[in-house]
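Student: give me a model of this one.
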Amino acid sequence: MDFVKVQGLGNDFIVFDGPYEPQPADVVRWCDRRRGIGADGVLVIEPIDPTTISMRYWNADGGEAEMCGNGLRCVARLSYERGWVADSDFTVRTVVGDHPVAVTGDSVRALVGVPMGYRTETLTIADLEIHPVSIGNPHAVVFVDDVEAAPVDRSGPLIENDALFPNRTNVEFVEVLEAGGIKARIWERGVGETPASGTGATAAAFVAHEVHGVEQPVTVHLRGGTLLISFDDHGAWMEGPAEIVFSGHID
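Tutor: Down below sits the predicted model:
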């Protein structure tokens, strides 16, 4: 069975052609960075027609997730490079809806989704104020004074698995920068801390814009690199790089 390894800002994925549904135990084995291929998750993609590609995503713990923003960009780049689509502007279909994408060189612009479920009141978990938001998948945004000193490894799993989030949640630790934009570290549901997350960056940018008035487009500085997030009547748009790393075969 052939696969392709892709990455967006260090958030990396194993891609298989569909139709195919991997077993959770296989996903865990393949994503293991010492005994497998190594990745944050598995993507399965399939061309529907010359304008539309389907995408499904499984986290490294074997659980299927609703959406993956960096995966969305990587799938767009790979599908375009393969000639599966007729033009550089096309649609990626996920379980939570259709996402217009545009490929320009190494960069991809994509409609991540419509931020919703945002509540002006905060929740308190692990003595931290939490801003819940959905980008098709669940997120919890935490503002901190210094993101590099944030208790990501300690508080991330506590928030992820709190009873307030029955399907668990991704967690974003966010520092608002005086010069504009934000800096974020991301605890990804079923993965742990990851160098980047497209939906995580989008959730962080949305709440920073709503709560702290950070001007858009919001520059989001992640450990893996930088994403640009903007909003319009259609929802949240993300722009950033996507790279095809290598291909291989699993017996």
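Student: where are the low-confidence patches of the stretch 101-250 of the chain?
Tutor: 117-121 (pLDDT under 70).
Student: now with 50, please.
Tutor: Residue ranges of the stretch 101-250 of the chain with pLDDT under 50: none are present.
Student: tell me where it has strands.
Tutor: For the stretch 101-250 of the chain, the strands defined by DSSP state E, counting those that start in this stretch cover 107-113, 123-125, 128-134, 138-143, 170-176, 182-188, 192-194, 218-222, 225-232, 235-241, 243-249.
Student: quick check: angle from the third one to strand 170-176?
Tutor: Regarding strand 128-134 and strand 170-176, their directions subtend 110 degrees when assessed with axes from the mean of the first three to the mean of the last three CA atoms, to 10 degrees.
Student: how long is stretch 151-169 end to end?
Tutor: Between the opening and closing residues of stretch 151-169 we find a distance of 16 Å, counting by CA to CA, to the nearest Å.
Student: show me how the record splits the protein into domains.
Tutor: Following the assignment in automatic domain parsing, the chain carries domains at 2-111+239-249, 123-232.
Student: let me see the contact set for Asn70.
Tutor: When contacts are counted by CB atoms under 8 Å, 6 or more residues apart in numbering, Asn70 is found next to Gln7, Gly8, Leu9, Asn11, Phe13, Ala196, Ser197, Gly198, Gly240, Ala242. Yep, even glycine has a C-beta here, placed from its N, CA and C like the rest.
Student: need the nearest residue in space to it, chain neighbours excluded.
Tutor: With sequence-adjacent residues excluded and distances taken as CB to CB, 6 or more residues apart in numbering, Asn70 is closest to Gly8, at 3.7 Å.
Student: much appreciated, bye for now.
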